[in-house]
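Peer 1: Below: sequence and its predicted model.
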Amino acid sequence: QVQLVESGGGLVETGGSLRLSCAASGSIFSFNIMAWYRQAPGKERERVAVITSDGDTNYADSVKGRFTISRDNAKNTLYLQMNSLKPEDTAVYYCAANSVIQIVAGNPYFGSWGQGTQVTVSS
């Protein structure tokens, strides 16, 4: 099974930028859907952005216009460019992937997950 490893998190001031990376141990070409999720302390996990193998993207309303998801199949890496960061963006960010687009209880299903990377935005 392909392993996913996130990196690029850290501490940044309000208004700053970070780029998260999710490196796969194998080819991501077979992943028809990939995504970034986040979870803040005491809150439910939130889907931040999704990208399909066709390049279609979808964003949570809270990050539209500020975050950009992209994938580089040649580098087996998923990215999340985060601009104009706010304190409410503070969370552990996880990448997720699945070989097929499968909807379960109204949400896309992801069978592969990374271990997460912490993003902290200071006010």
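Peer 2: Received the coordinates, thanks.
Peer 1: all contacts plus neighbour counts: C-alpha atoms, from now on.
Peer 2: Will do.
Peer 1: Break down this protein into its strands, ranges please.
Peer 2: 4-7, 10-13, 18-24, 33-39, 46-52, 57-59, 67-72, 77-82, 91-98, 103-104, 107-108, 112-113, 117-122 (DSSP state E).
Peer 1: Enumerate every residue touching residue 113.
Peer 2: Residue 113 makes contact with 3, 4, 94, 95, 96, 97 under the criterion CA atoms under 8 Å, 6 or more residues apart in numbering.
Peer 1: Highest neighbour count among the residues you listed?
Peer 2: For these, neighbours were counted using other CA atoms under 10 Å, and residue 95 has the most, 30 neighbours in all.
Peer 1: Make sure that one is actually in contact with residue 6.
Peer 2: Yes - under the criterion of CA atoms under 8 Å, residue 95 lies in contact with residue 6, with a separation of 6.9 Å.
Peer 1: Next, show the common contact partners of these two.
Peer 2: Counting by CA under 8 Å, 6+ apart, the shared contacts of residue 95 and residue 6 are 22, 114, 116.
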